[in-house]
Every structure is written in C-alpha cells, then in structure tokens.
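Student: based on what follows, work out the 3D shape:
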Amino acid sequence: MNNQRNRLSSVNGKSESVKEKERMIWSEVGMLIGTLSLLDIIVRGLVLDCPFREWAGSLAVFFIIIVYYCIRAAASGILLPVIHSEETFKKQIRRQMGETLAVSVIITLITMYDQGIPHHFTGWLKLIALFLVCSIFIFLLRYVAVRLIYRRSRKKS
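Tutor: Just a heads-up that it's a prediction; the model follows:
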C-alpha cells in the first residue's frame with residue numbers, strides 16, 4: 001500500500017507534516033468520491049426512479065468505501081472502545097448482535113422495496129435467506145473486529 005502511495009506521491013522524501021497534508025488530501029478525495037456516489041444513488045435511484053442497473057455501480061463504490069473504512073477503523077480501534085474485561089467483551093458482542101440485526105432488517109426491507117413484496121413461498125424464502133446471510137456475514141465481520149480489539153487490549157495490559 002505504501003509503495004502505491006509513493007508512486008502517486010511527489011513528496012517521497014519530504015517531512016512528516018507534508019506527508020500528513022498529502023494524507024488529508026487523499027482522504028478528502030475519498031470523501032468526495034463517496035459523496036458523489038451517494039448523490040448518484042439518491043438522484044438516480046430515488047428521485048428519477050431509474051432501473052437498479054443504472055445506479056448499481058455507484059452503490060457498489062459506496063459500499064466498498066464504507067466497508068473499507070469500517071475495517072480500517074475497527075482494526076485501529078477507532079470505532080470501538082478498548083475492552084479490558086470478559087464482561088465488557090460479552091456486552092459489546094450483544095450490542096454488535098443488535099446492531100447487526102437492525103442492519104440486516106434494513107437491507108431486507110430495501111430489497112423488498114426494490115423488488116416488491118413476494119407473492120410466492122420461494123420469494124419469501126429468498127428474503128429470509130438474504131436476511132440470514134446478511135446477518136451472519138456482518139456479525140462475523142464485527143465479531144472478528146471486537147475479538148481483535150479485546151486481544152490487543154489484553155496484550156497491552
């Protein structure tokens with residue numbers, strides 16, 4: 001990652017303050033791309049009611065940016081507080097489960113809004129499967145993040 005950033009950078013040997021300014025510029029570029037993709041999703045998807053295929057690329061870009069940020073922030077300990085005890089760890093896991101279920105319900109409702117309410121048994125099974133897959137995938141990602149933070153905090157103390 002640093003090699004790629006160094007190729008794009010014109011300040012390879014400069015001071016730390018110049019490199020920090022460059023990082024800020026790159027983060028602003030990322031925020032601009034995320035904002036434009038979200039704006040595209042809102043305008044084409046909700047206002048103009050264009051087909052899903054027209055704004056799916058913007059949704060994918062926005063999703064990738066959000067997932068990347070969450071993974072990086074969770075790995076560095078920004079999103080979650082330091083967990084020192086087993087009780088705090090279990091409390092954090094319960095909180096993560098509740099948030100995961102809420103996100104999965106929202107994803108399922110958005111899918112149902114986009115495709116319409118299912119009229120057949122198989123359509124309802126697909127929605128239930130979508131809910132379960134989203135719940136399991138998101139919870140596993142969040143569980144791994146909480147577990148890493150817990151292990152890191154135990155090693156430090």
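Student: for this structure, name the helix or strand with the lowest mean pLDDT.
Tutor: Ranked by mean pLDDT, DSSP states H and E, the weakest helix or strand in the chain is helix 2-8, scoring a mean of 56.
Student: from the contact counts, what lies against the host helix or strand of residue 130?
Tutor: Element membership of residue 130, judged by DSSP states H and E, is helix 121-156. On a contact count with 3 or more CB pairs under 8 Å, 6 or more residues apart in numbering; DSSP states H and E, helix 121-156 meets helix 52-76, helix 86-115. Using the backbone N, CA and C atoms, a C-beta is placed for each residue, glycine as well.
Student: would you turn those helices into CSV with distance to residue 131, mean pLDDT and mean neighbour count?
Tutor: As requested, these are arranged in CSV below (distance: least, CB to CB, whole Å; pLDDT from 0 to 100; neighbours: other CB atoms under 10 Å):
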stretch, distance to residue 131, mean pLDDT, mean neighbour count
helix 52-76, 18, 77, 14
helix 86-115, 5, 87, 14
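Student: adding distance to residue 135, write the ones you listed out as TSV.
Tutor: Output for the helices and strands packed on helix 121-156, formatted as TSV (distance: least, CB to CB, whole Å):
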stretch	distance to residue 135
helix 52-76	16
helix 86-115	4
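Student: which one, of these, ends up nearest to residue 21?
Tutor: helix 52-76 (19.9 Å; CB to CB).
Student: run the chain-centre distance for the closest one.
Tutor: Computed by CA atoms, centre = their mean, to the nearest Å, the chain-centroid distance of helix 52-76 equals 6 Å.
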